[in-house]
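Undergrad: need coordinates for the below:
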Amino acid sequence: MAELPALLDRLGELRGIGREFVDYRGARHALGTESLRRLLAALGHRVDDPAALAAELESLEQRDWIRVLGPVVVLRGAGEVHFTVLVPLLPTIRWRILTEQGEVLEGEVDPARLAVRGERGVNGLWYRRLALPVPALAPGYHRLELGKDDGSALAGTLLIVAPPRAYLPPALADGGRAWGPSVQLYSLRSARNWGIGDFTDLAGFAVEAAELGADLVGLNPLHALFPADPAQCAPYSPSSRLFLNVLYIDPEALPEFATCIEARRLVGSPEFQARLERLRAVPFVDYPGVASCKLEVLRHLHREFRATADRERGFEFEQFRKKGACDLETYALFHAIQDHFSAAGVAGGWPAWPQPWQQPGGEAARAFGEAEAEAVDFHAWLQWVAAGQLEAAEARARAAGLRLGLYRDLAVGPNGGGAETWGGEDLFARGATVGAPPDPLALQGQDWGIPPYRPDALRESGYAPFIRLLRANMGLDGILRIDHVMMLMRLWWVPVGRPSAEGGYVHYRLDELMAIVALESQRHRCLVIGEDLGTVPAEVRAAMSSWGVFSYRVLMFERDESGRFRAPAEYPREALAAASTHDLPPLASFWGGSDIELRERLGLFPAPGQADEERLARGAARRDLLAALAAEGLAPPGLDAADTVPGPATRSALATAVQCFLARAPAAVLALQPEDWLGMETPVNVPGTHLEYPNWGRKLAADWPDLMARESVWELATMLRRERG
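TA: Sure, this is the predicted structure:
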């Protein structure tokens, strides 16, 4: 038997664990043996038992030779499917394709006449891998079956035929360019909302954006969070990416609000109105306060719905539940149970529940669902209401002329204690979370605390969970941003309890995942943008270009090795350009350096002197930015790089100049942040923090109706329309 280190090395290779990586500075780092051991354990291997490890290794090495077909085959038009058979060969192999459109294609081949793609002996038997030519099929999900000439089955597989490229909206064809504001929905202030931006705010904001001439409105992830634990407000660590955040519901927009006496009496009371006024006034969203108000009223409205819903409305809800099927029922049951345990003082997600409750198919969960059917119905109803209000907002945006609609965001993964992972232990890795190695955004590295898909389990499922995920988040005729698009090729897995720097990359099938993205993109007529910031392998950028997935180009990172900011003409065509992101400081903070002061106060510089180095680098960045603006004739008069506290007028002129600079780029899409229109400095999120800073709560500094009516915003919009053509 091989020594344990050799077994670990070979098993890591088969499991797609990278033994080294190149960091953002171009330096190579080897993966330590202990990190490899922990990552293999997260994939379910018994790493402390050499005999068991050797058996698992042998099984993996033989698996793809012993079985005739793998779980999924992806083609781009016509091609060939590789399958494995025993030698001596069968005289005839029958094939049948059941197309998604209901057609049946059949034929038979002589295996001896097929091209050989490999051969191997396993346990005294000889296997040969052959190539079966497959005719051109319409893009879709088909079924390929192989059988013997006596009619008995050999094997079957999911045959995914991808389109040549992802969807490109007509508005962007032939050099067309678009622009629009990108907002965190919760940050929208208004005199009518309940302390958090909601779907009614979104509809109104989108209509006003269209009036300005915008083509899209960008959004943070709208994924479902935790109503029973509203302080868990990170949109990138949701309970489920398949469903929506119910705190974005506008209770007063529901038909039941007009007829529910209890709800109207409660909301109209002086005490409740005082609560709402306080929630509107605070600069950060008070999530527990918002949840308390909204859920109290929504429970009244749910009871009103159950008691008074007309036949049509009741039928629509039942159809919604049928369409959501098992995913919706599991989600609703999870949150009903979490309400129950939260009321009993048990904090946290399903791992904190008693063992009998930790499986949705277990007797305890089933019995609860039967006994508390109304509680389960409430959470399913909330999803129906949220989906309806979001759909209405999208329709209003389209009707107002927003050509590219809403630009939604897909998070990398779910919270490990949420509904999406409940019962999914075989799909998600245990013992590891997703993060990032040290980079300029977080010098200590990042651990996002979310469990990754197991590459093997995801592929064995025929990618069904990933397909459902795309379908749940691709709005029809809209845009989807895939956060950390590198996840389609590899993810940085961090062993639980270890620093991020001790993690390593685990690889996925980029070709297969990208093909599915392109197929769903075409079906939903949805443009796809991949967030390719940080350490980006060349293979990812090449695949994005090949499949028509747009790049995500942020001004602060678009610099060459000398520090020079790239000119607008140097931006790629198939890209979204932006001045900043939710993980970066607003422009005013970048210029003044308040983000550096904040990170220093929070202890985010791991070594002494790094904050001062950052200040020196920021001074150089200011000079380089001014030089880039000057080269385009856009430098604000009188602004000096040494002036870190310019007056309001100069600060506004700088923001306008930067946005005009980006507007000149050939990048097809331009996203702008209203924070820069308001000269704000407070960040949305500080990477590397959890409780140290109130991430994901900061509101805009003005009510959105006031902001969108400002003369300065209309002047900016006029400039953007001129520059974007």
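
Undergrad: domains of this protein?
TA: Domain assignment of the chain by automatic domain parsing yields the ranges 4-64, 77-161.

Undergrad: what about the strands in the stretch 451-600 of the chain?
TA: Along the stretch 451-600 of the chain, counting by DSSP state E, counting those that start in this stretch, strands occupy 479-482, 490-495, 504-507, 527-530, 551-554, 575-578.

Undergrad: which of the ones you listed is buried the deepest?
TA: strand 527-530 (a mean of 28; mean count of other CB atoms under 10 Å). C-beta coordinates here come from the backbone N, C-alpha and C atoms, glycine included.

Undergrad: hey, C-alpha coordinates of that strand in CSV?
TA: This file holds the C-alpha atoms of strand 527-530, laid out as CSV (Å, rounded to 0.1, in the frame of the first residue of the first chain):
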residue,chain,number,x,y,z
LEU,A,527,-27.9,38.9,-20.4
VAL,A,528,-25.3,37.3,-18.1
ILE,A,529,-22.5,39.3,-16.4
GLY,A,530,-19.7,37.5,-14.6
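
Undergrad: max-length helix in this structure?
TA: What stands out as the longest helix in the chain, according to DSSP state H, is helix 311-343.

Undergrad: tell me the helices and strands packed up against that one.
TA: strand 240-244, helix 363-371, helix 373-399 (3 or more CB pairs under 8 Å, 6 or more residues apart in numbering; DSSP states H and E).

Undergrad: could you check the angle that helix makes with strand 240-244?
TA: 130 degrees (axes from the mean of the first three to the mean of the last three CA atoms, to 10 degrees).

Undergrad: reformat the strands of the stretch 451-600 of the chain as CSV; add mean pLDDT.
TA: Below are the strands of the stretch 451-600 of the chain laid out as CSV (pLDDT from 0 to 100):
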stretch, mean pLDDT
strand 479-482, 98
strand 490-495, 96
strand 504-507, 96
strand 527-530, 98
strand 551-554, 98
strand 575-578, 98
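
Undergrad: to residue 513, which of those lies closest?
TA: Go through the strands of the stretch 451-600 of the chain one by one with CB to CB and the one that ends up closest to residue 513 is strand 479-482, at 10.0 Å.

Undergrad: that closest one pairs with which strands, and in what direction?
TA: Using DSSP bridges, strand 479-482 pairs in its sheet with strand 405-410 (parallel), strand 527-530 (parallel).

Undergrad: after the helix or strand of the chain with the lowest mean pLDDT, which helix or strand is next?
TA: In the chain, the helix or strand scored least confidently by mean pLDDT, DSSP states H and E is strand 20-22, which has a mean of 84. Next in sequence after strand 20-22, counting helices and strands by DSSP states H and E, comes strand 28-30.

Undergrad: so what strands line up beside that next one?
TA: When DSSP bridges is applied, strand 28-30 pairs with strand 20-22 (antiparallel).

Undergrad: return the per-residue confidence for residue 1.
TA: Listed pLDDT for residue 1 reads 50.

Undergrad: can you check residue 442 too?
TA: 69.

Undergrad: do the one 3 residues further on as well
TA: Note for residue 445: predicted pLDDT of 81.

Undergrad: before we move on, what about residue 709?
TA: At residue 709, pLDDT is 97.

Undergrad: which one is it nearest to, not counting chain neighbours?
TA: Spatial nearest neighbour of residue 709, excluding adjacent residues (CB to CB, 6 or more residues apart in numbering): residue 208 at 7.9 Å.

Undergrad: please, which helix or strand holds that neighbour?
TA: For residue 208, the element it lies in under DSSP H and E is helix 199-212.

Undergrad: before we move on, back to that, next, the angle helix 373-399 makes with the longest helix of the chain.
TA: 120 degrees.

Undergrad: in helix 311-343, what's buried?
TA: For helix 311-343, a neighbour-count test (16 or more other CB atoms under 10 Å) marks 317, 320-321, 324, 327-342 as buried.

Undergrad: dump the strands of the stretch 451-600 of the chain to CSV, plus distance to residue 402.
TA: CSV is the format used below for the strands of the stretch 451-600 of the chain (distance: least, CB to CB, whole Å):
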stretch, distance to residue 402
strand 479-482, 11
strand 490-495, 33
strand 504-507, 38
strand 527-530, 13
strand 551-554, 20
strand 575-578, 16
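
Undergrad: re the thing from before, ok, residues contacting the least confident helix or strand of the chain?
TA: 28-31, 437, 504-505, 535 (CB atoms under 8 Å, 6 or more residues apart in numbering).

Undergrad: next: stretch 141-149.
TA: For stretch 141-149, using CB under 8 Å, 6+ apart, the contacting residues are 68-69, 73, 81, 83, 90-100, 108, 132, 134, 153-161, 467.
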